[in-house]
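**Q** Okay, predicted coordinates and the sequence, questions at the end:
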Amino acid sequence: MSTTHPGSFGRVLLVLSLLVFVVLVAAWLLNRNTHLTSAEKLSSTVEAIPSAVSSATSDLADSSPVAKTGDALSKAGDAASSAVSKAGDKAEAAMSETSEDIKAAIAKQKVQDKADARKEKREAK
């Protein structure tokens, strides 16, 4: 004698379909604002370096030439350090996004594999 209810398969199917829907919506929400590739993000960061250096040097118009040079070198170093730090952060974010995309694809494939296995099992009966 079976202890399952007649509608239990339908409930399981409903729960699984809701789970797949939630995963797909979450993946969409996490990726909807990502329009730039990691190369574009890194490129924009590197392009900001010259403007930061020129801004640092233009601030030194009232100082003596030696002081101007020292301050310009200091500010240029700070700007370069900041740009390198930002580039590292952008590269890390890009790697994280890629990792999340791969994880989402793996999860989607697992769901598809389970669905295929259930379909094959039903067809075998």
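**A** That came through, no problem.
**Q** hmm, which helix or strand of the protein has the shakiest average pLDDT?
**A** Ranked by mean pLDDT, DSSP states H and E, the helix or strand of the chain with the weakest confidence is helix 38-58, at a mean of 71.
**Q** so residue 13 is in which element?
**A** Using DSSP states H and E, residue 13 sits within helix 8-31.
**Q** which secondary structure elements does that helix contact?
**A** helix 65-124 (3 or more C-beta pairs under 8 Å, 6 or more residues apart in numbering; DSSP states H and E). Yep, even glycine has a C-beta here, placed from its N, CA and C like the rest.
**Q** circling back to that earlier point, just the C-alphas of the helix holding residue 13, formatted as PDB.
**A** Below are the C-alpha coordinates for helix 8-31, written out as PDB (Å, rounded to 0.1, in the frame of the first residue of the first chain):
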ATOM      1  CA  SER A   8       2.300  14.700  -4.100                       C
ATOM      2  CA  PHE A   9       4.100  14.500  -7.500                       C
ATOM      3  CA  GLY A  10       2.300  17.700  -8.600                       C
ATOM      4  CA  ARG A  11       3.400  19.400  -5.400                       C
ATOM      5  CA  VAL A  12       7.000  18.300  -5.900                       C
ATOM      6  CA  LEU A  13       6.900  19.500  -9.500                       C
ATOM      7  CA  LEU A  14       5.400  22.900  -8.400                       C
ATOM      8  CA  VAL A  15       8.100  23.400  -5.800                       C
ATOM      9  CA  LEU A  16      10.900  22.500  -8.200                       C
ATOM     10  CA  SER A  17       9.500  24.800 -10.900                       C
ATOM     11  CA  LEU A  18       9.200  27.600  -8.300                       C
ATOM     12  CA  LEU A  19      12.800  27.000  -7.200                       C
ATOM     13  CA  VAL A  20      14.000  27.200 -10.800                       C
ATOM     14  CA  PHE A  21      12.100  30.400 -11.300                       C
ATOM     15  CA  VAL A  22      13.500  32.000  -8.100                       C
ATOM     16  CA  VAL A  23      17.100  31.000  -9.200                       C
ATOM     17  CA  LEU A  24      16.600  32.500 -12.600                       C
ATOM     18  CA  VAL A  25      15.100  35.700 -11.200                       C
ATOM     19  CA  ALA A  26      18.000  36.000  -8.800                       C
ATOM     20  CA  ALA A  27      20.500  35.500 -11.500                       C
ATOM     21  CA  TRP A  28      18.800  38.100 -13.700                       C
ATOM     22  CA  LEU A  29      18.700  40.600 -10.800                       C
ATOM     23  CA  LEU A  30      22.400  40.100 -10.000                       C
ATOM     24  CA  ASN A  31      23.500  40.600 -13.600                       C
END
